[in-house]
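Engineer: can't give you the sequence, but here's the structure:
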């Protein structure tokens with residue numbers, strides 16, 4: 001495995017076989033190592049890394065990156081491009097995904113749902129959204145991939161479908177109970193659907209999700225999730241006329257100081273919007 005990684009790094013850096021092997025081992029030995037047809041000693045391996053300007057930790061990080069599936073690589077690219085609102089690059093990446101045999105139809109539907117949030121005309125067809133919904137409803141076990149599918153397709157699925165699928169997910173505790181990444185994704189999805197429920201005046205559903213989220217938030221390192229839950233719970237109580245806006249303002253104050261720069265403006269905009277609406281009623 002390391003031989004093929006050395007070959008990729010060497011080519012990426014524009015280093016020839018002769019230049020990398022010079023004074024360390026023969027060119028033919030290096031060529032065989034790069035094809036994983038032979039091994040080299042630890043001493044020689046470290047000399048090769050030094051000549052490429054890498055240490056062992058950097059090699060392991062690169063190894064982890066190159067071991068990603070094609071679908072995972074596409075998702076990372078999508079996430080980076082979406083974060084910077086690079087629509088043209090996202091469209092180009094969609095074409096690459098459509099041609100990739102390793103990626104299933106559900107991933108492409110999810111990708112089009114993400115595109116639709118920037119340009120509605122690029123969204124998925126009704127049939128593909130229904131196929132995704134049927135797939136998710138038929139699952140006995142939800143993995144990280146399935147939670148990610150639903151989380152990115154919330155706006156394209158009808159509210160009732162989204163709520164029922166979220167309820168299905170939360171009922172399958174084996175999906176997330178002992179897996180930190182899955183539990184965080186389940187919490188984030190539930191918070192998003194709780195917000196949508198409150199916005200729509202679906203207070204029974206929002207209250208149900210609030211109770212489930214409270215049960216999930218049981219670890220100290222879930223700091224941001226707890227702050228966002230504080231905001232959403234206070235927002236729900238505010239809409240139910242069971243509380244004032246203090247809980248939201250307190251959560252906003254913490255987000256402003258400690259959260260990533262992209263997070264605070266989103267919640268501040270929502271807060272200003274609901275307060276403005278309240279004042280005009």
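Structural biologist: Done, it's in. Keep in mind it's a predicted model, so treat the numbers as computed, not measured.
Engineer: Residue 93: neighbouring residues, count only.
Structural biologist: 18 (other CB atoms under 10 Å). C-betas here are computed from N, CA, C, even on glycine.
Engineer: burial count for residue 3?
Structural biologist: Residue 3, neighbours per other CB under 10 Å, totals 20.
Engineer: quick one: it from residue 42, how far?
Structural biologist: Applying CB to CB, to the nearest Å, the value for residue 3 to residue 42 is 14 Å.
Engineer: ditto for residue 144
Structural biologist: The separation that residue 144 has from residue 42, given CB to CB, amounts to 35 Å.
Engineer: The two - which one has more neighbours?
Structural biologist: residue 144 (13 against 8).
Engineer: Sticking with the nearest residue to the more buried one once chain neighbours are set aside, tell me its helix or strand.
Structural biologist: Spatial nearest neighbour of residue 144, excluding adjacent residues (CB to CB, 6 or more residues apart in numbering): residue 182 at 5.5 Å. Using DSSP states H and E, residue 182 maps to helix 180-199.
Engineer: next helix or strand past that helix?
Structural biologist: Counting by DSSP H and E, what follows helix 180-199 is helix 203-216.
Engineer: So which bits of that next one are buried?
Structural biologist: 205-210, 212-213, 216 (16 or more other CB atoms under 10 Å).
Engineer: cool, stretch 81-101 as well?
Structural biologist: Under 16+ other CB under 10 Å, the buried positions of stretch 81-101 are 81-82, 90, 93-94, 97.
Engineer: what's it in contact with?
Structural biologist: Here stretch 81-101 makes contact (CB atoms under 8 Å, 6 or more residues apart in numbering) with 70, 74, 77-78, 103, 107-108, 111-112, 114-115, 118-119, 122, 262.
Engineer: Just the closest of these to residue 50, please.
Structural biologist: residue 77 (30.8 Å; CB to CB).
Engineer: Just give the number of residues close to that closest one.
Structural biologist: 15.
Engineer: Find the helix or strand that the nearest residue to it once chain neighbours are set aside is a member of.
Structural biologist: Nearest-residue entry for residue 77: residue 93, 5.8 Å, with adjacent residues in sequence omitted and distances by CB to CB, 6+ apart. Per DSSP H and E, residue 93 falls inside helix 87-99.
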